[in-house]
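J.: With the sequence up front, the predicted model follows.
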Amino acid sequence: MATQRKPDAVHAILAQWHRERPDLDVSPMGPIGRIKRCAALLQRRLDETFAEFGLSYWEFDVLATLRRSGAPHCLAPTTLFSTLMVTSGTMTHRMGKLEAQGWITRLPNPDDARSSLVQLTPEGLALIDRAVEAHVANEHRILAPLKAADLAALDARLALLLAALESPTGQQLPPAMGTAQ
């Protein structure tokens with residue numbers, strides 16, 4: 001049983017394309033446009049919570065990565081920048097800013113004299129613990145309008161899409177992506 005959807009901003013864009021280029025199958029613009037719009041709107045809401053702690057998104061991301069790595073909350077910069085998908089130059093700049101804030105410290109690497117380690121300071125640990133609690137509460141609020149079953153179905157389908165996008169072979173989406181359950 002299909003449910004009637006309320007028109008959204010993407011619906012209006014699709015209608016314009018159908019009017020202007022009826023010969024063109026613009027159906028992929030629907031899900032991709034909605035994912036992109038959701039991502040932008042979600043980022044705004046997430047940034048509001050990060051700002052309450054004087055953090056930007058990337059600062060939260062670095063501190064959270066160190067925090068979830070477990071005690072002693074210490075990683076090599078190469079591990080950090082590969083986890084965060086940024087360049088080493090970007091990571092070096094970011095480490096300098098976080099160190100100036102007193103949230104991280106750089107330590108000599110006992111296993112490799114040519115490199116250092118990045119560790120949360122006690123101030124950084126306290127900050128990220130408070131910020132991540134608020135972040136998770138915010139995510140609960142954001143998703144609260146969705147029914148548990150709808151949220152689980154959305155998560156499952158997004159996992160399928162993510163797996164296809166992350167696939168090194170560029171494989172097609174599984175046929176189950178388009179079937180109703």
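T.: Great, that's in hand.

J.: residue ranges of the helices in the protein, please?
T.: 9-20, 29-51, 57-68, 77-84, 88-101, 122-143, 148-166 (DSSP state H).

J.: Which one, of those, ends up nearest to N109?
T.: helix 77-84 (9.6 Å; C-beta to C-beta). Yep, even glycine has a C-beta here, placed from its N, CA and C like the rest.

J.: just the angle between the closest one and helix 88-101, please?
T.: Orientation of helix 77-84 against helix 88-101 (axes from the mean of the first three to the mean of the last three C-alpha atoms, to 10 degrees) gives an angle of 100 degrees.

J.: Pull the residues that contact helix 77-84.
T.: Residues outside helix 77-84 that contact it (C-beta atoms under 8 Å, 6 or more residues apart in numbering): 58, 61-62, 65-66, 75, 87-88, 90-92, 95, 115-118.

J.: Name the residues of that helix that come out as buried.
T.: Buried residues in helix 77-84, defined by neighbour count with 16 or more other C-beta atoms under 10 Å: 77, 80-81.

J.: With distance to A71 and pLDDT as new columns, can these be given to me in a markdown table?
T.: Shown next, in a markdown table, are the buried residues of helix 77-84 (distance: C-beta to C-beta, whole Å; pLDDT from 0 to 100):
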| residue | distance to A71 | pLDDT |
| --- | --- | --- |
| P77 | 19 | 81 |
| L80 | 17 | 83 |
| F81 | 22 | 77 |
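
J.: Which one of those is nearest to R130?
T.: For the buried residues of helix 77-84, the nearest to R130 is L80 (21.3 Å; C-beta to C-beta).

J.: so how far is A113 from that closest one?
T.: Distance, L80 to A113, by C-beta to C-beta, to the nearest Å: 19 Å.

J.: Pull the contacting residues for the closest residue to A9 other than its chain neighbours.
T.: Excluding the flanking residues, the one nearest A9 by C-beta to C-beta, 6 or more residues apart in numbering is R37, at 6.2 Å. R37 makes contact with 8-10 under the criterion C-beta under 8 Å, 6+ apart.

J.: next one: H93
T.: Going by C-beta under 8 Å, 6+ apart, H93 touches no other residue.
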